[in-house]
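Enquirer: from the sequence below, what's the structure:
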Amino acid sequence: MADGAHGSAGRGGRPVEGVLLDIDETLVDLEGAMHRALREVTAPYATLDEAGWTQFCNLFTRGSEDIYERYVAGEITFAEQRVLRAERCLANAGTEFPDAAAAMAWLSAYEAAQPAYVRAFDDVAPLLDALDAAGVPYGAVSNNVHDYQRAKLDHAGLERVGILVGIDAVGAAKPDPAIFREGLRLLGTSAEGTVYVGDNPHHDVIGAEAAGLKGIWLNRSRRELPEDLAARISVQVGSLEELPALIGLRPAAESG
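Expert: Numbers count the residues shown, from 1 in each chain. Modelled structure (predicted):
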């Protein structure tokens, strides 16, 4: 863990005014939901053992960032990026959709199955409880469109995350400062008094810092970064349970 992970995340000892959070892999276990849904709906098109399914799912969720970035850049639609990722994974498994109709059937099945598997991480509710108890406003800033992410939060039981900024709000995606500034506007807080927490070191931490916020890396898997990138991450946590103490709050159970 980086030095400073147990110190104050505020600037110059000032209290934290607000908290903005990433959604996928920060508030919501999207990867877990994707893995379960992928296995369910792709079984008719691929016969794989346990190791094969693990490889398939990991390639879809972690090995296809280049395809997802094309969607973020506006080059392809959200549906197209999903099909392209599935086609890459099937090709890696030595098979393919038999035709375009099958690919569309797979997409419809996946879109129907995935929301049922979406869950919030166990450390989310205690954090939101602590923020609510302290009267600290919070919201989410995401690299996806508002309505899709709103539905995802609601499926995960996170309706109380009322402030949500998607890439369609300002026509920009993280790490562009504009999307963070929209979050600040909705929160009504200053950049220097607001922290942003997310699992992507570049988009979430470095992007937030460029917009004047304090970026905190959520590193659930305790993974190591290349030295040049690690040098730019001053604060990291392994769980959202660490955040209240880090920003000077007591856990909700201890307040009052």
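Enquirer: from here on, just use CA atoms for contacts and neighbour counts.
Expert: Noted.
Enquirer: just checking, next helix/strand downstream of the helix or strand hosting residue 80?
Expert: Under the criterion DSSP states H and E, the helix or strand holding residue 80 is helix 78-92. Helices and strands here follow DSSP H and E; after helix 78-92, the next one along the chain is helix 100-117.
Enquirer: just confirm residue 44 is within a helix.
Expert: Yes. Secondary structure assignment (DSSP: H, G, I helix; E, B strand; the rest coil) places residue 44 inside a helix.
Enquirer: how far off centre is stretch 96-114?
Expert: Stretch 96-114 sits 24 Å away from the centroid of its parent chain (CA atoms, centre = their mean, to the nearest Å).
Enquirer: for stretch 234-243, that is, sorry about that
Expert: Computed by CA atoms, centre = their mean, the chain-centroid distance of stretch 234-243 equals 15 Å.
Enquirer: i'd like the first residue to be 731 from this point on
Expert: Fine by me, first position is 731 from now on; the one you just mentioned is stretch 964-973.
Enquirer: now do the same end-to-end measure for it.
Expert: For stretch 964-973, the first-to-last residue distance is 14 Å (CA to CA, to the nearest Å).
Enquirer: domain map for this structure?
Expert: Taking automatic domain parsing as the criterion, the chain consists of the domains 748-759+850-984, 760-847.
Enquirer: most packed of those?
Expert: Comparing the domains of the chain by mean neighbour count (mean count of other CA atoms under 10 Å), domain 748-759+850-984 comes out on top with a mean of 19.
Enquirer: what's the mean pLDDT across that domain?
Expert: Here domain 748-759+850-984 scores 95 as its mean pLDDT.
Enquirer: same check on stretch 812-824?
Expert: Averaged across stretch 812-824, the pLDDT comes to 98.
Enquirer: which strands and helices sit next to whatever helix or strand residue 857 lives in?
Expert: Of the helices and strands defined by DSSP H and E, residue 857 is found in helix 854-864. The helices and strands touching helix 854-864, judged by 3 or more CA pairs under 8 Å, 6 or more residues apart in numbering; DSSP states H and E, are helix 973-976.
Enquirer: what is the distance between the helix it packs on and the centre of its chain?
Expert: The gap between the average C-alpha position of helix 973-976 and the chain average comes to 19 Å, counting by CA atoms, centre = their mean.
Enquirer: OK, contacts around residue 838?
Expert: Counting by CA atoms under 8 Å, 6 or more residues apart in numbering, residue 838 touches no other residue.
Enquirer: and the gap between it and residue 748?
Expert: Per CA to CA, residue 838 is found 38 Å from residue 748.
Enquirer: can you give me the helices in the chain?
Expert: Taking DSSP state H as the test, the helices found in the chain are 760-772, 780-792, 795-802, 808-822, 830-847, 854-864, 876-885, 897-900, 907-917, 937-940, 957-960, 973-976.
Enquirer: which residues does the closest residue to residue 752 other than its chain neighbours bridge with?
Expert: If the residues on either side of it in the chain are set aside, residue 752 comes closest to residue 928, at 4.9 Å by CA to CA, 6 or more residues apart in numbering. When bridges are assigned using DSSP bridges, the partners listed for residue 928 are residue 947.
Enquirer: ok, residue 928 - contacts?
Expert: Residues near residue 928 by CA under 8 Å, 6+ apart: 751-753, 755-756, 934-935, 946-948.
Enquirer: will you turn the helices of the chain into CSV that also has distance to residue 870?
Expert: Converted to CSV, these look like this (distance: least, CA to CA, whole Å):
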stretch, distance to residue 870
helix 760-772, 15
helix 780-792, 21
helix 795-802, 17
helix 808-822, 20
helix 830-847, 19
helix 854-864, 12
helix 876-885, 9
helix 897-900, 12
helix 907-917, 7
helix 937-940, 13
helix 957-960, 24
helix 973-976, 15
